[in-house]
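1. Give the three-dimensional model of this entry:
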Amino acid sequence: MVHMSRPIDGPMPTPTPTPTPTPTPTPAPTSRRLFLALTGALAAASLLDALPATAAPTAKGLDDPAKKEIAMKLVSSAENSSLDWKAQYRYIEDIGDGRGYTAGIIGFCSGTGDMLDLVQLYTDRKPGNVLAKYLPALRAVNGTDSHAGLDPNYPKDWRKAAQDTAFQQAQNDERDRVYFNPAVQQGKTDGLRVLGQFAYYDAIVMHGDGTDSTSFRNIRRRALTKAKPPAQGGDETKYLNAFLDARVWAMKQEEAHSDTSRVDTAQRVFLRKGNLDLDPPLDWKVYGDSYHIG
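-> Numbering: from 1, shown residues only. This is a model prediction of the structure:
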């Protein structure tokens, strides 16, 4: 213990009081609910940052498998009066249109070169097949309606070949290469939806894409003089009406194709209903026969 001495003279001085320090305020505790809410929000934000952006769904084209199946049935109703397009691999006859034999799922013709290309593809994939021996005759009759070198057994051998899955696949591949893929691609380039792409496909199936006035490319050019497609800022319905008008004109240039019901009571029906995506149910007529896809 320390003793303090009192001074001799005078009163003892009063000690200066030591100031009491002001206490530092303590922050109010954050509520548990607020803390959890903030933590959850931060976690959610981090999770969203980590997730990839979801692309907007793209519209289906005619090359969508379900739409392509519809296209095959629509064409088969016009070409073969049946929706069973897969039964047409074996089909073959001369329909009197100046193109020789017409055969298969898409109407390959001995007089227009596409049948020759098909049989050549089949032979490249499967040498010695039952149709390979007709290649010289098919080259000779190309561009004519002649059956020289084909009769009498070519139709019978075609039907025999049609039982071979390799020949069926060759038909599918040539259909896509020559007709389906170019039509769909041009339709997409023009900004057309499924119905418009089908209108192009049906036209190229019947008329081909050569340089004559009734070919697909010239049908399209005729339509472009009347209306613009969506890709050029035009109205899709107006343009499709112009295209179908041009198509009907082309069909009427040939007696064998003068019945325009595959346009008038089929494609125009879908167009008038505003069914630009060919969504089922579909009802139409060709040559007076009624068809339905549910």
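2. What is the neighbour count of Leu282?
-> 18 (other CB atoms under 10 Å). In short, each C-beta sits where N, CA and C put it, glycine included.
3. OK, contacts around it?
-> Shown in contact with Leu282 (CB atoms under 8 Å, 6 or more residues apart in numbering): Ile70, Leu74, Phe270, Asn275, Tyr291, His292, Ile293.
4. which residue packs closest to the last one, ignoring adjacent ones?
-> Once its chain neighbours are removed from consideration, Ile293 has its nearest residue in Leu282; the separation is 4.4 Å (CB to CB, 6 or more residues apart in numbering).
5. Please work out which residues outside the helix or strand containing Asn172 touch it.
-> Remark: Asn172 resides in helix 165-174, with elements defined by DSSP states H and E. With contact meaning CB under 8 Å, 6+ apart, helix 165-174 is reached by 89, 104-106, 108, 114, 117-118, 121-122, 125-126, 129, 131, 161-162.
6. now do stretch 180-195
-> In contact with stretch 180-195 (CB under 8 Å, 6+ apart) are residues 59-64, 67-68, 71, 196-197, 199-201, 203-204, 209, 216, 220, 229-232, 236, 239-240, 267, 270-271, 275-278.
7. Format the contacts of Leu282 as a markdown table; extra columns: pLDDT.
-> Conversion of these to a markdown table gives the following (pLDDT from 0 to 100):
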| residue | pLDDT |
| --- | --- |
| Ile70 | 99 |
| Leu74 | 99 |
| Phe270 | 99 |
| Asn275 | 99 |
| Tyr291 | 99 |
| His292 | 99 |
| Ile293 | 99 |
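8. Could I get the pLDDT score of the residue nearest the centre of the chain?
-> The centroid of the chain falls nearest to Gly61 when counting by CA atoms, centre = their mean (2.4 Å). Note for Gly61: predicted pLDDT of 98.
9. Tell me if I'm right that it and Lys67 touch.
-> Yes. With contacts counted by CB atoms under 8 Å, Gly61 reaches Lys67, the gap being 7.0 Å.
10. Going by residue numbers, what spans are strands in the stretch 101-250 of the chain?
-> 102-103, 108-109 (DSSP state E, counting those that start in this stretch).
11. Mind listing the strands the last one pairs with, and their directions?
-> I take that to be strand 108-109. Here strand 108-109 is paired, per DSSP bridges, with strand 102-103 (antiparallel).
12. which intervals of this protein have sub-threshold pLDDT?
-> Within the chain, the ranges that satisfy pLDDT under 70 run 1-58.
13. repeat that with 90
-> The chain contains residues with pLDDT under 90 at 1-60, 255-256.
14. can I get the strands of the stretch 101-250 of the chain in TSV with distance to Ser261?
-> Below are the strands of the stretch 101-250 of the chain laid out as TSV (distance: least, CB to CB, whole Å):
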stretch	distance to Ser261
strand 102-103	19
strand 108-109	21
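15. between the ones you listed, which one is nearest to Leu150?
-> strand 102-103 (10.9 Å; CB to CB).
16. In PDB, list the C-alpha atoms belonging to stretch 109-124.
-> The C-alpha atoms that make up stretch 109-124 are tabulated as PDB, following Å, rounded to 0.1, in the frame of the first residue of the first chain:
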ATOM      1  CA  CYS A 109     -38.700 -40.900-114.000                       C
ATOM      2  CA  SER A 110     -36.800 -42.800-116.600                       C
ATOM      3  CA  GLY A 111     -36.900 -39.800-119.000                       C
ATOM      4  CA  THR A 112     -35.700 -37.100-116.600                       C
ATOM      5  CA  GLY A 113     -32.400 -38.500-115.200                       C
ATOM      6  CA  ASP A 114     -33.400 -38.900-111.600                       C
ATOM      7  CA  MET A 115     -34.300 -42.600-112.000                       C
ATOM      8  CA  LEU A 116     -30.900 -43.100-113.600                       C
ATOM      9  CA  ASP A 117     -29.200 -41.400-110.700                       C
ATOM     10  CA  LEU A 118     -31.100 -43.500-108.200                       C
ATOM     11  CA  VAL A 119     -30.200 -46.800-109.900                       C
ATOM     12  CA  GLN A 120     -26.600 -45.700-110.100                       C
ATOM     13  CA  LEU A 121     -26.500 -44.900-106.400                       C
ATOM     14  CA  TYR A 122     -28.100 -48.300-105.600                       C
ATOM     15  CA  THR A 123     -25.500 -50.000-107.800                       C
ATOM     16  CA  ASP A 124     -22.600 -48.100-106.200                       C
END
